[in-house]
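Q: Below: sequence and its predicted model.
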Amino acid sequence: MALPLPLALSDTIVALSTPPGAGAIAMLRLSGPEAISLTDAVFAGKRLRDQASHTLHFGTIRDQDRILDEVVVSLFRGPHSYTREDVVEISCHGSDYIVQQILALLTRRGARLAEAGEFTKRAFLHGAFDLAQAEAVADLIAADSALSHQVALQQMRGGFSQELRELRGQLVKFAALLELELDFGEEDVEFADRTGLVTLLQEVQTLVRRLLRSFELGNVIKNGVTTVIAGKPNAGKSTLLNALLNEERAIVSAIAGTTRDLIEDEVSIEGIRFRFVDTAGLRDTTDVVESIGVERTKKRVAQAALLLYLFDITSTTPAEVQAEIEALNPGRLIPMLAVGNKRDVASDEEITAFQDLPDTVLIAASRGDGLDELQQELLRRVRGEGLDRTGSATIVTNLRHARSLEKTSQALDSVLTGLGQGTGTELLAADLRHALAALGEITGEISSDDLLTSIFTQFCIGK
């Protein structure tokens with residue numbers, strides 16, 4: 001159901017919908033009640049008002065007698081358009097000068113420059129999709145890996161919203177019965193079966209908590225994993241970074257302390273984006289510059305989502321490695337993996353000594369040996385138990401959604417506690433309303449102007 005429409009929707013808006021800067025093609029989009037008539041006034045070609053929806057038309061854009069450009073105009077009549085309003089898209093040559101001239105001409109004719117996200121906001125307000133789907137549009141535009149694209153596309157097409165609607169629909173039925181009991185409060189009757197309500201709430205709570213658990217993976221899919229490579233000098237950290245990136249990103253030298261500052265780059269492993277950070281070797285040093293690098297390493301480790309502690313198999317013992325890890329990551333509070341390097345030149349005895357060390361992978365970074373195993377271990381630590389089948393499961397990637405699900409879960413806990421303690425119908429109904437409101441915030445069934453402004457201002461202007 002479409003929401004009540006604000007007065008601003010009577011405006012016809014225009015914006016550049018392709019990235020700014022010189023290019024082969026630029027596309028300007030208009031939406032609103034006068035989109036077609038405004039374009040007709042400056043377009044020399046077929047009369048757009050007489051043309052069918054979803055058609056293309058070649059012609060020129062003219063400012064009185066001056067031709068600004070040859071263009072192709074795409075015509076979409078509401079409600080069969082992205083915004084469900086009349087929409088016109090003008091494809092012109094990708095010159096900043098041409099774009100600005102056409103924008104100036106259209107605004108002089110009465111169009112208003114669109115605000116950030118205003119086209120998608122209009123689509124939402126006209127009921128083309130709900131708020132969760134609208135936010136997925138921005139996520140789809142920003143997707144930079146196979147998994148982030150897959151999850152955003154699934155949400156944009158309504159997978160997450162459908163699951164929420166089913167949860168909310170089940171709760172609404174019982175909430176209605178509780179409200180009915182309040183209407184007949186003086187007669188002391190119960191329309192809602194308390195046993196059935198407990199069973200339903202437990203099922204819904206299980207689903208809500210599953211969605212909340214998925215946010216850990218969803219956040220990784222959307223934002224990537226900051227993975228710090230730390231260890232002593234000459235352990236092979238820069239060599240490992242180059243091997244993971246498959247390029248010579250960091251300088252490799254036999255001289256200890258070559259890396260003085262942080263070197264960062266990204267790589268996608270099976271659709272999950274890892275941001276690897278090569279750091280200065282950890283040691284006591286009198287070199288002022290190197291000591292600054294060591295301090296930066298320690299600070300970056302504290303901020304890491306995942307830590308790779310790299311050590312040289314040929315020059316250390318398991319006990320020393322364990323002590324070094326504990327000093328760098330006390331209590332192993334930061335998720336981590338120990339990586340033994342130089343197995344290609346290590347003796348059988350040296351390799352055997354580390355094979356039984358927990359959470360350890362042995363590699364030869366210079367030859368690429370063991371990198372596949374290392375990557376699989378990284379993925380296992382990121383994905384977690386039960387979160388490997390992203391193709392069918394709904395994954396929560398949005399912090400706002402996760403916070404609303406937390407509020408839903410807390411409200412459901414209150415209802416379940418109240419049922420166990422024999423709490424009165426009025427309090428049960430109030431807690432159930434809080435749960436419904438929290439779920440409604442995700443899809444936009446319950447929203448405020450401030451919330452909508454906060455969400456849509458994060459979009460690009462032409463979307």
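A: Arrived safely, thanks for sending.
Q: The nearest residue to residue 157 once chain neighbours are set aside: what secondary structure?
A: The shortest distance from residue 157 to any residue other than its chain neighbours is 7.7 Å, reached at residue 133 (CB to CB, 6 or more residues apart in numbering). (Each C-beta comes from the backbone N, C-alpha and C, glycine too.) Following DSSP: H, G, I helix; E, B strand; the rest coil, the label given to residue 133 is helix.
Q: Isn't residue 133 up against residue 155?
A: Yes. The pair residue 133 and residue 155 qualifies as a contact (CB atoms under 8 Å) at a distance of 6.6 Å.
Q: any common contacting residues for these two?
A: residue 161 (CB atoms under 8 Å, 6 or more residues apart in numbering).
Q: which of these two has more neighbours?
A: Counted by other CB atoms under 10 Å, residue 133 and residue 155 do not tie: residue 155 has more neighbours, with 25 against 21.
Q: quick one: pLDDT of the more buried one?
A: pLDDT for residue 155: 83.
Q: where exactly do the strands run in the stretch 151-300 of the chain?
A: 225-231, 263-269, 272-278 (DSSP state E, counting those that start in this stretch).
Q: Which of the helices or strands spans residue 24?
A: strand 23-31 (DSSP states H and E).
Q: I'd like to check the angle between the helix or strand following that strand and strand 23-31, please.
A: Note on strand 23-31: by DSSP H and E, the next helix or strand toward the C-terminus is helix 35-42. Taking axes from the mean of the first three to the mean of the last three CA atoms, to 10 degrees, one finds helix 35-42 and strand 23-31 inclined to each other by 130 degrees.
Q: same question for helix 35-42, mean pLDDT?
A: 96.
Q: One more: stretch 308-326?
A: The average pLDDT within stretch 308-326 is 88.
Q: Pull the distance from that stretch to the chain's centre.
A: Distance of stretch 308-326 from its chain centroid, counting by CA atoms, centre = their mean, to the nearest Å, is 36 Å.
Q: helix/strand/coil for residue 308?
A: Applying three-state DSSP: residue 308 is strand.
Q: How many residues are close by it?
A: 24.
Q: Would you confirm that it contacts residue 336?
A: Yes. The criterion here is CB under 8 Å, and residue 308 meets it with residue 336 at 7.2 Å.
Q: on that earlier part again, wait, which of the strands of the stretch 151-300 of the chain is closest to residue 348?
A: Ranking those by proximity to residue 348 (CB to CB) places strand 225-231 first, at 23.1 Å.
Q: Run the chain-centre distance for the closest one.
A: 22 Å.
Q: Tell me the strands beside that strand, with direction?
A: In the sheet containing strand 225-231, its partner strands are strand 272-278 (parallel), strand 306-312 (parallel), by DSSP bridges.
Q: can you pull the buried residues of it?
A: 225-231 (16 or more other CB atoms under 10 Å).
Q: By mean pLDDT, which helix or strand of this protein comes out lowest?
A: One helix or strand of the chain scores below all others by mean pLDDT, DSSP states H and E: helix 288-302, with a mean of 67.
Q: For the residue nearest to residue 80 when sequence neighbours are not counted, give me its contacts.
A: Closest residue in space to residue 80, ignoring its immediate chain neighbours: residue 53 at 5.8 Å, by CB to CB, 6+ apart. Applying CB under 8 Å, 6+ apart, one finds that residue 53 lies in contact with 75-77, 80-81.
Q: Also residue 98?
A: 26, 68-69, 92.
Q: among those residues, who's most crowded?
A: residue 26 (24 neighbours).
Q: That residue and residue 89 touch, don't they?
A: No. When contacts are counted by CB under 8 Å, residue 26 is not listed as touching residue 89 (10.8 Å).
Q: Give me the contact list for the helix or strand encompassing residue 420.
A: Residue 420 belongs to helix 399-421 when assigned by DSSP H and E. Here helix 399-421 makes contact (CB under 8 Å, 6+ apart) with 132, 135, 160, 194, 197-198, 201-202, 204-205, 208-209, 211-212, 215, 219, 396, 423, 427-428, 431-432, 434-435, 438-439, 441-442, 455.
Q: and stretch 12-24, what's its mean pLDDT?
A: Rounded mean pLDDT across stretch 12-24 is 92.
Q: Pull out the buried positions in that stretch.
A: Applying 16+ other CB under 10 Å to stretch 12-24 flags 12-18 as buried.
Q: same deal with stretch 200-212?
A: 200-201, 204-205, 207-208, 211-212.
Q: try stretch 270-278
A: Neighbour counts using 16+ other CB under 10 Å place 272-278 of stretch 270-278 among the buried residues.
Q: and that stretch, average pLDDT?
A: Average pLDDT, stretch 270-278: 83.
Q: can you check stretch 50-61 too?
A: Per-residue scores along stretch 50-61 average to 97.
Q: do you know how far residue 119 is from residue 14?
A: According to CB to CB, to the nearest Å, residue 119 stands 10 Å off from residue 14.
Q: swap in residue 341?
A: 57 Å.
Q: Outside of stretch 126-137 itself, list whatever touches it.
A: Contacts for stretch 126-137 (CB under 8 Å, 6+ apart): 1-3, 5, 79, 82-85, 120-121, 123-124, 152-153, 155-158, 160-161, 164, 398, 400-401, 442-445, 447, 452, 455-456, 459, 463.
Q: Could you list which of the contacts of residue 53 belong to strands?
A: 75-76 (DSSP state E).
Q: one step back: so which pair among the contacts of residue 98 is furthest apart in space?
A: It's 26 and 68 that sit farthest apart of the contacts of residue 98, by CB to CB, at 12.2 Å.
Q: any residues in contact with both of the two?
A: Counting by CB under 8 Å, 6+ apart, the contacts common to residue 26 and residue 68 are 92, 98.
Q: Which parts of the stretch 201-350 of the chain are helices?
A: 237-245, 288-302, 318-328, 348-355 (DSSP state H, counting those that start in this stretch).
Q: most neighbours per residue, which of those?
A: Mean neighbour counts were taken over these using mean count of other CB atoms under 10 Å, and the top value, a mean of 23, falls to helix 237-245.
Q: Right, I'll leave it there.
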